[in-house]
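S.K.: attaching a predicted model along with its sequence, questions to come.
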Amino acid sequence: MQYVVFGKIIKTENTAKPYTQKSKHVVDYLLSKAPVKNLLDFGCGKLRYSDVLTQICNKITFVDSELQLYRKQMVRGVYTSVNEYILKNYPSSQCISYEKLDNHEVIYDLIICTNVLSAVPCEKSLKKLLFYIKKSLSNDGVAIFINQYKSSYFSRFSIGIKHLYGYLYESRNGYSYYGILDKEIIEKILIDAGFFIKKSWCEGESTYIEVQTNHS
């Protein structure tokens, strides 16, 4: 997705990290989950955790912007598009662009949203994203929000422009937004969006928050 903030173009598709930068904490946590019938990877980026997710579900829907899904780029070591990679390597799965979610009515048992909230520089867009996740979650389903909230390199962002939950930071590739969201901030965002917190904790440099649409 691309946003315009203070007249500056924020290209969030450039923040997606490759599969070579998986977090061991995140991998171990995802593999601890019981297998499910269908799973939604919301903000799949460059399929950073796709090989892990296929171990708990073989019917995955990968969601990201049209630009992220269909542009040519390096995806898991192959120069292709995210869509083409999914078609070739995960034939039981599919990808849906964020722009088409209004017409997507599938309900999921498990939704994964990893390092996505911190990349959205617009409160209205953040609320819309959470609306889509809430409407796609089954009554007994669980949505998992994982966000890195601290790192030694975060200190450099403070020289940028303060905005929303973080900073607009200029690099040689243009402007980026980095939201620094600790557990308490994310919990409030999710509760305000109508979710019920099932469990929340911190491990390593990331927060993990499991939510449901109803009290369990």
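M.R.: On my side now, so go ahead.

S.K.: wait, isn't residue 180 in contact with residue 119?
M.R.: No - the criterion here is C-beta atoms under 8 Å, and residue 180 misses it with residue 119 at 11.7 Å. Placement of C-beta: from N, CA and C, glycine included.

S.K.: which neighbours do these two have in common?
M.R.: Counting by C-beta atoms under 8 Å, 6 or more residues apart in numbering, residue 180 and residue 119 have no shared contacts at all.

S.K.: more neighbours: those two, which one.
M.R.: Between residue 180 and residue 119, counted using other C-beta atoms under 10 Å, residue 119 has the larger neighbour count: 23 against 17.

S.K.: distance check, the closest residue to residue 75 other than its chain neighbours against residue 51.
M.R.: Leaving out its chain neighbours, the residue that sits closest to residue 75 by C-beta to C-beta, 6 or more residues apart in numbering is residue 85, at 4.6 Å. Separation of residue 85 from residue 51 (C-beta to C-beta, to the nearest Å): 11 Å.

S.K.: next, show the common contact partners of these two.
M.R.: The contact sets of residue 85 and residue 51 overlap at residue 76 (C-beta under 8 Å, 6+ apart).

S.K.: neighbour count for the two, which is higher?
M.R.: Set side by side, residue 85 and residue 51 show more neighbours around residue 85, with 21 against 14, by other C-beta under 10 Å.

S.K.: so that one touches residue 77, yeah?
M.R.: No - the criterion here is C-beta under 8 Å, and residue 85 misses it with residue 77 at 9.9 Å.

S.K.: what residue in this structure is the furthest from its centre?
M.R.: Relative to the mean C-alpha coordinate of the chain, counting by C-alpha atoms, centre = their mean, the farthest residue is residue 159 (25.5 Å).

S.K.: tell me how far that one lies from residue 176.
M.R.: 13 Å.

S.K.: shared neighbours of the two, anything?
M.R.: Listed as contacting both residue 159 and residue 176 by C-beta under 8 Å, 6+ apart are residue 169.

S.K.: ok, which stretches of this structure are helices?
M.R.: Remark: helices assigned in the chain by DSSP state H are 24-31, 50-53, 66-70, 82-89, 123-136, 183-192.

S.K.: distance between stretch 161-168 and the chain's centre?
M.R.: The chain centre lies 19 Å from the centre of stretch 161-168; the measure is C-alpha atoms, centre = their mean, to the nearest Å.

S.K.: gap between the two ends of that stretch?
M.R.: End-to-end distance for stretch 161-168, by C-alpha to C-alpha, to the nearest Å: 5 Å.

S.K.: stretch 167-179 too?
M.R.: End-to-end span of stretch 167-179 (C-alpha to C-alpha): 7 Å.

S.K.: restricting to C-alpha, output stretch 196-211 in PDB.
M.R.: Output of stretch 196-211 as PDB, limited to C-alpha atoms (Å, rounded to 0.1, in the frame of the first residue of the first chain):
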ATOM      1  CA  PHE A 196     -11.600  -9.200  23.100                       C
ATOM      2  CA  ILE A 197      -8.100  -9.900  24.300                       C
ATOM      3  CA  LYS A 198      -7.600 -13.600  24.900                       C
ATOM      4  CA  LYS A 199      -3.900 -13.500  25.800                       C
ATOM      5  CA  SER A 200      -1.100 -11.000  25.400                       C
ATOM      6  CA  TRP A 201       2.600 -11.200  26.200                       C
ATOM      7  CA  CYS A 202       6.100 -10.000  25.200                       C
ATOM      8  CA  GLU A 203       8.900 -12.300  24.000                       C
ATOM      9  CA  GLY A 204      12.200 -11.100  22.700                       C
ATOM     10  CA  GLU A 205      11.600  -7.700  20.900                       C
ATOM     11  CA  SER A 206       8.000  -8.400  20.000                       C
ATOM     12  CA  THR A 207       4.500  -8.400  21.400                       C
ATOM     13  CA  TYR A 208       2.100 -11.300  20.800                       C
ATOM     14  CA  ILE A 209      -1.600 -10.600  21.200                       C
ATOM     15  CA  GLU A 210      -4.300 -13.200  20.600                       C
ATOM     16  CA  VAL A 211      -7.900 -11.900  20.200                       C
END
